[in-house]
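J.: pasting a predicted model and its sequence here:
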Amino acid sequence: MEKKKPGPKGGPKLGEKIVQGYVIGRNKVVVPAEEVEQLAAYGMKTTEIADWFGVNEQTMRYNFSDILLKGRTKLKMSLRVAMYKNAIDSNNTTMQIWLSKNHLGMSDTPLDGDANTPLPWSENVDDDVVIDEYDEEENEEG
């Protein structure tokens, strides 16, 4: 019998691989912490990572909560670096405006201090007196 070559015209070639990681779940699945961190850094949800390894989502959260957090922090950091590089190195005006609004507290519409203060209000004003005074002023002018 002739041996088939691996690839499109031949059958798949099987091999062995030794994986180091944490043994978790009822099925005793070996999950490498580095791979969990990398998948979280790619933005994968915990459910997707758990499905990838064939374990329950709660089991994944319980065993790798700190590593998932670290991976998601890496994602946020790399996005932030990319945004700043895009704004500064590429001179992207839109990104510069967005960053200035969100990080520097700038605004398109300047706020006037007097326009934001509430109107004075007094509970002790007698409406009849105010109306009578107004009527008298109109009569004097006219």
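T.: That came through fine.
J.: buried set for the longest helix along the chain?
T.: Looking across the chain with DSSP state H, the single longest helix is helix 57-88. For helix 57-88, the neighbour count (16 or more other Cβ atoms under 10 Å) marks 59, 60, 63, 64, 67, 68, 71, 72, 83, 87 as buried. The C-beta positions use only the backbone N, C-alpha and C, and glycine is treated the same way.
J.: just give me the closest of the residues you listed to residue 24.
T.: Nearest to residue 24 among the buried residues of helix 57-88: residue 63, at 4.8 Å, using Cβ to Cβ.
J.: the helices in the chain, which residues?
T.: Going by DSSP H, the chain shows helices at 33-41, 46-53, 57-88, 93-103, 127-141.
J.: how about those, which one is nearest residue 24?
T.: Closest among the helices of the chain, once you apply Cβ to Cβ, is helix 57-88, at 4.8 Å.
J.: give me the mean pLDDT for that closest one.
T.: The average pLDDT within helix 57-88 is 95.
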